[in-house]
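*Asks:* predicted model and sequence below, questions to follow.
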Amino acid sequence: EDQVTQSPEALRLQEGESSSLNCSYTVSGLRGLFWYRQDPGKGPEFLFTLYSAGEEKEKERLKATLTKKESFLHITAPKPEDSATYLCAVQGAQKLVFGQGTRLTINP
Amino acid sequence: GAGVSQTPSNKVTEKGKYVELRCDPISGHTALYWYRQSLGQGPEFLIYFQGTGAADDSGLPNDRFFAVRPEGSVSTLKIQRTERGDSAVYLCASSLNPLGETQYFGPGTRLLVL
């Protein structure tokens, strides 16, 4: 069975303090690993798709990387508006399976 | 263009009642998905449609839950004899094609069963 575990569950940083969020996964035949951002009361907003180990993608202060067992979402010099829950999901042969998310808070 | 839309945004009902939740996918997207999200958890897969047919309904928790997509566009998730445990956010997503394509989510319907 496909599984996704995200850590930490919650992370509090000061503005400008860089860090990384982890997504560990097991999947039969990875078709894609997805990162989403979710703000309170809203649906998940797509950030990145990664398809193979070694792949990296960047968008503003965010950078996603992928290995055969895990993905990292690196956040560089975050701002308060980066506060949100970050969700990781994998798609194998069938459905998309999500982790429980990391709740990120950036204090000004 | 317009994203995925869902109506209603909030629904309060009483235990035992029937509810319908609607999803309007991105135009041209053939794949449509329903998820359920409880507080503090990631979305949990319910059902996926490719065109008009349900390609995978393995996530539906029991036979009180049913979904249709009669014309291959709009979908309705139907819940019969609602229970308090059905309270959650119901999310809809669509993608251009299934299996590996990015899924784009709607804002969700917040269902509260009293």
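*Replies:* Sure, I can see it. Residues are numbered from 1 along each chain as shown, chains lettered A, B, ... in the order given.
*Asks:* just give the number of residues close to the residue in chain A positioned nearest to chain B.
*Replies:* Distances between chain A and chain B by Cβ to the nearest Cβ are smallest at A:F98, namely 3.2 Å. (C-beta placed from N, C-alpha, C; glycine too.) A:F98 has 23 neighbours, counted by other Cβ atoms under 10 Å in any protein chain shown.
*Asks:* for the closest residue in space to it that isn't next to it in sequence, what are its contacts?
*Replies:* Computed as Cβ to Cβ, 6 or more residues apart in numbering or on different chains, the closest residue to A:F98 that is not its neighbour in sequence is B:G42, at 3.2 Å. By Cβ atoms under 8 Å, 6 or more residues apart in numbering or on different chains, the residues touching B:G42 are A:4, A:87, A:89, A:98-101.
*Asks:* if we go to 6 Å?
*Replies:* B:G42 is in contact with A:87, A:98-101, counting by Cβ atoms under 6 Å, 6 or more residues apart in numbering or on different chains.
*Asks:* so how far is B:V74 from it?
*Replies:* Distance, B:G42 to B:V74, using Cβ to Cβ, to the nearest Å: 26 Å.
*Asks:* what of B:T82?
*Replies:* The gap separating B:T82 from B:V74 is 22 Å, by Cβ to Cβ.
*Asks:* okay, the two: which has more neighbours?
*Replies:* Between B:T82 and B:V74, counting by other Cβ under 10 Å, B:T82 is the more crowded of the two (21 against 14).
*Asks:* tally of neighbours for the nearest residue to B:E101 once chain neighbours are set aside?
*Replies:* Leaving aside its chain neighbours, B:E101 sits nearest to B:S95 (4.2 Å; criterion: Cβ to Cβ, 6+ apart). Applying other Cβ under 10 Å, we find 20 residues neighbouring B:S95.
*Asks:* my guess is B:S95 meets B:Q103, correct?
*Replies:* Yes: using Cβ atoms under 6 Å, B:S95 makes contact with B:Q103 at a distance of 4.7 Å.
*Asks:* pull out the buried residues from stretch A:53-65.
*Replies:* For stretch A:53-65, the neighbour count (16 or more other Cβ atoms under 10 Å in any protein chain shown) marks A:62-65 as buried.
*Asks:* kindly check the end-to-end length of it for me.
*Replies:* 8 Å (Cα to Cα, to the nearest Å).
*Asks:* for stretch A:90-108, same thing?
*Replies:* Stretch A:90-108 end-to-end distance (Cα to Cα) = 33 Å.
*Asks:* off-centre distance for it?
*Replies:* Centroid separation for stretch A:90-108 versus its chain: 5 Å, with Cα atoms, centre = their mean, to the nearest Å.
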